[in-house]
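**Q** predicted structure and sequence below. I'll ask about it afterward.
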Amino acid sequence: MDCCLSSLLLLCLLLFCVGNNEAFNLSTISFDEGYTPLFGDGNLVRSPNGRSVRLLLDRFTGSGFISKKMYKYGFFSASIKLPSDYTAGICVAFYTSNANVFEKRHDELDFEFLGNIEGKPWRFQTNLYGNGSTSRGREERYRLWFDPSKEFHRYSILWTKYKIIFYIDNIPIREVLRNNAMGSEYPSKPMSLYATIWDASNWATSGGKYKVNYKYSPFASEYKDLVLDGCSVDPIQRIPTAFTCSESNFHLETADYSIITLKQRLAMQKFRQHYMYYSYCYDTLRYSVPPSECVIDSAEKERFKDTGRLKFGGSHQSHKRRSRRRSRTYVASGNDNHIMWS
Ligand SMILES: *[C@@H]1O[C@H](CO)[C@@H](O)[C@H](O)[C@H]1NC(C)=O
Ligand SMILES: *[C@@H]1O[C@H](CO)[C@@H](O)[C@H](O)[C@H]1NC(C)=O
């Protein structure tokens with residue numbers, strides 16, 4: 001037990017070191033420069049200097065914000081602190097999507113944080129959809145190496161013409177390289193950035209076993225050091241974006257966050273070997289042939305059963321296949337808007 005604990009500690013140190021030594025060169029913006037409230041306006045609280053914002057969930061509504069513009073390729077990032085204590089049933093999402101513009105053929109890149117009962121840590125998943133490919137979930141689920149409710153950490157989504165990288169601080173946790181076989185399932189239409197907090201009682205924690213308990217509300221997630229880097233485009237414009245975006249795409253593709261150093265790649269491997277507890281790439285019951293973008297890592301693979309879940313993962317069955325049937329649509333209804341799974 002002691003040895004496990006100390007090697008875990010070592011791993012944490014390794015992860016933290018990479019994080020601290022190689023901070024990205026980012027320019028942050030104020031909330032109003034880049035974003036606008038999406039729903040639950042009364043539950044969106046700006047800081048006095050306008051550079052950070054809190055999203056609240058109470059018994060009446062969750063809340064969310066959206067980027068004012070849509071981007072074709074970009075780097076979307078924020079330092080986020082999640083609600084603490086009893087957070088079962090809560091979903092905090094940080095994602096890009098264009099479901100409101102391209103209803104049946106939308107693209108999406110997700111960070112989704114799933115709350116837990118007191119004393120149990122937050123978990124999270126990443127996912128992607130291209131051109132409405134919602135029947136092909138590409139989820140990976142993970143634990144974190146820190147308590148995300150104690151301090152701010154930077155969560156980032158890089159999306160270029162060639163690759164997608166999810167980062168926590170400066171550690172790449174997932175990389176998807178575009179290949180021809182992916183076809184239109186590689187996100188390729190302009191997307192907006194969304195941040196939301198909402199009641200996901202019916203699935204978020206242990207498959208819906210634990211609901212949001214409003215005795216502990218309001219639940220607050222906080223966002224600061226906001227970054228929106230990329231080419232903003234009108235989603236239905238006719239002008240070829242290759243021309244209008246060439247400069248910002250060049251910037252995006254050559255920025256420090258587009259290049260994974262050897263040290264970062266090592267940290268990514270460590271993270272995935274220790275903290276990933278589900279991957280669709282190893283779920284051979286679901287995909288007898290792993291989707292083309294999957295890179296099968298033998299060290300990773302041997303930890304997983306053919307359900308894509310850990311061999312010795314005991315308590316992680318909770319979210320099961322639920323997400324397979326799930327696709328998110330944004331539903332605006334009268335005086336109250338929800339993000340719903342349908
Ligand atoms: C950081 O970015 C700014 C503008 O994006 C640039 O002017 C500056 O040279 C960069 N600094 C480093 C150390 O790369
Ligand atoms: C995206 O999906 C739509 C509807 O299913 C389809 O008609 C279209 O051809 C797809 N786009 C590409 C680029 O494959």
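**A** Arrived safely, thanks for sending. Being a predicted model, the structure only gives us computed values, none of them experimental. Ligands and ions are numbered 1, 2, ... in the order given.

**Q** all helices of the stretch 201-342 of the chain, in order?
**A** Secondary structure of the stretch 201-342 of the chain (DSSP state H, counting those that start in this stretch): helices at 241-244, 246-254, 262-275, 298-301.

**Q** pull the distance from the longest one to the chain's centre.
**A** For helix 262-275, the distance from its own C-alpha centre to the chain's C-alpha centre is 18 Å (Cα atoms, centre = their mean, to the nearest Å).

**Q** what residues sit buried inside that helix?
**A** The neighbour-count check on helix 262-275 (16 or more other Cβ atoms under 10 Å) flags 264, 267-268, 270-272, 274-275 as buried. For the C-beta atoms, the positions are set from N, CA and C on the backbone; glycine is no exception.

**Q** same list (those residues) but as JSON lines, adding distance to Glu118 and pLDDT.
**A** JSON lines is the format used below for the buried residues of helix 262-275 (distance: Cβ to Cβ, whole Å; pLDDT from 0 to 100):
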{"residue": "Gln264", "distance to Glu118": "34", "pLDDT": "97"}
{"residue": "Ala267", "distance to Glu118": "30", "pLDDT": "97"}
{"residue": "Met268", "distance to Glu118": "31", "pLDDT": "97"}
{"residue": "Lys270", "distance to Glu118": "29", "pLDDT": "95"}
{"residue": "Phe271", "distance to Glu118": "26", "pLDDT": "97"}
{"residue": "Arg272", "distance to Glu118": "28", "pLDDT": "95"}
{"residue": "His274", "distance to Glu118": "24", "pLDDT": "94"}
{"residue": "Tyr275", "distance to Glu118": "21", "pLDDT": "96"}
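
**Q** the residues you listed also near ligand 2: which ones?
**A** With Cβ under 6 Å from any ligand atom as the criterion, those include none near ligand 2.

**Q** what about the residue in the stretch 151-300 of the chain that ligand 2 sits nearest to, how many neighbours?
**A** Proximity of the stretch 151-300 of the chain to ligand 2 (Cβ to the nearest ligand atom) peaks at Ser184, 3.3 Å away. Residues within reach of Ser184, counting by other Cβ atoms under 10 Å, total 13.

**Q** need the contact list for it.
**A** Neighbour list for Ser184: 105, 130-131, 133 [criterion: Cβ atoms under 8 Å, 6 or more residues apart in numbering].

**Q** with Arg138 instead?
**A** Arg138 neighbours (Cβ under 8 Å, 6+ apart): 127-129, 280, 291, 293.

**Q** please convert the buried members of these into ChimeraX selection syntax.
**A** In ChimeraX, this line selects whichever of the contacts of Arg138 come out buried by 16+ other Cβ under 10 Å:
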select :127,128,129,280,293
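
**Q** out of the contacts of Arg138, which are inside strands?
**A** 127-129 (DSSP state E).

**Q** partners of the closest residue to Gly34 other than its chain neighbours in the sheet?
**A** Leaving aside its chain neighbours, Gly34 sits nearest to Leu228 (4.6 Å; criterion: Cβ to Cβ, 6 or more residues apart in numbering). Going by DSSP bridges, Leu228 is paired in beta bridges with Phe76.

**Q** next, work out how far apart Leu228 and Ile29 are.
**A** 6 Å (Cβ to Cβ, to the nearest Å).

**Q** compare those two (neighbour count), which wins?
**A** Taking other Cβ under 10 Å, Leu228 and Ile29 do not tie; Leu228 has more neighbours (21 against 16).

**Q** test my guess that that one contacts Tyr71.
**A** Yes - the pair Leu228 / Tyr71 is scored as a contact, 7.3 Å apart, by Cβ atoms under 8 Å.

**Q** can you check which residues contact both of the two?
**A** Leu193.

**Q** identify the residue nearest Glu175 in space, chain neighbours excluded?
**A** Nearest one to Glu175, counting by Cβ to Cβ, 6+ apart, is Ile165 at 5.1 Å.

**Q** got the phi and psi for the nearest residue to Glu151 once chain neighbours are set aside?
**A** Distances taken as Cβ to Cβ, 6+ apart place Lys81 nearest to Glu151, at 6.5 Å, with adjacent residues excluded. With angles defined as degrees, to the nearest 10, Lys81 sits at phi -120, psi 130.

**Q** surely Lys81 is in contact with Ser149?
**A** Yes - counting by Cβ under 8 Å, Lys81 does reach Ser149; the two are 6.5 Å apart.

**Q** first-to-last residue distance for stretch 57-77?
**A** 22 Å (Cα to Cα, to the nearest Å).

**Q** list the buried ones in it?
**A** Buried residues in stretch 57-77 (16+ other Cβ under 10 Å): 57-58, 61-67, 69-77.

**Q** let's see which of the residues you listed end up in strands.
**A** 57, 63-67, 71-77.

**Q** spit out the contact partners of the residue nearest to Glu175.
**A** Taking Cβ under 8 Å, 6+ apart, one finds 156-158, 172, 174-176, 257-258, 260 in contact with Ile165.

**Q** quick check, Tyr35 in contact with Gly64.
**A** No - with contacts counted by Cβ under 8 Å, Tyr35 stays clear of Gly64, the gap being 9.9 Å.

**Q** what residues are shared contacts of those two?
**A** Ala195.

**Q** cool, thanks, signing off.
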